[in-house]
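>>> Turn this into a structure:
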Amino acid sequence: MSDRQSHDPKSPTGRQRQIMLLVAQGFSNKQLARKLCISEGTVKVHLHNIFEHLGVHKRTALAALVLTQANGQIGSVIVKASRRKNGSSTAK
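Next up, the predicted model:
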């Protein structure tokens, strides 16, 4: 069964999670498109679907939501990615 067929419609897809994480890191639509090898139009469609699903209207609200997830899973991924990006090797 493919990932798309077994996907829970209440949770974001893998691609949507990627986009959410990158938005929280400050990536623009153009940067997202280049990084993910998709068009800017596709990025906009994903963002529209994410905003609608989560009930947010701005990317800053999305970033804040991602960074303050109650279970901390998405936020901790961003912190770890940020540490790798900045060259910090200490894990916390």
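>>> residues in contact with Lys35?
Leu22, Phe27 (CB atoms under 8 Å, 6 or more residues apart in numbering). Where you see a C-beta, it was placed from the backbone N, CA and C, and this is true even at glycine.
>>> ok, it to His57 distance?
24 Å (CB to CB, to the nearest Å).
>>> cool, Thr68 as well?
Thr68 is 17 Å from His57, where distance means CB to CB.
>>> cool, and Gln25?
On the measure of CB to CB, Gln25 and His57 end up 20 Å apart.
>>> How many residues are close by the residue lying closest to Gln18 once chain neighbours are set aside?
Spatial nearest neighbour of Gln18, excluding adjacent residues (CB to CB, 6 or more residues apart in numbering): Leu36 at 6.6 Å. Residues near Leu36, counting by other CB atoms under 10 Å, number 16.
>>> Looks like Leu36 contacts Gln16 (just checking).
No. Using CB atoms under 8 Å, Leu36 is not in contact with Gln16, being 11.3 Å away.
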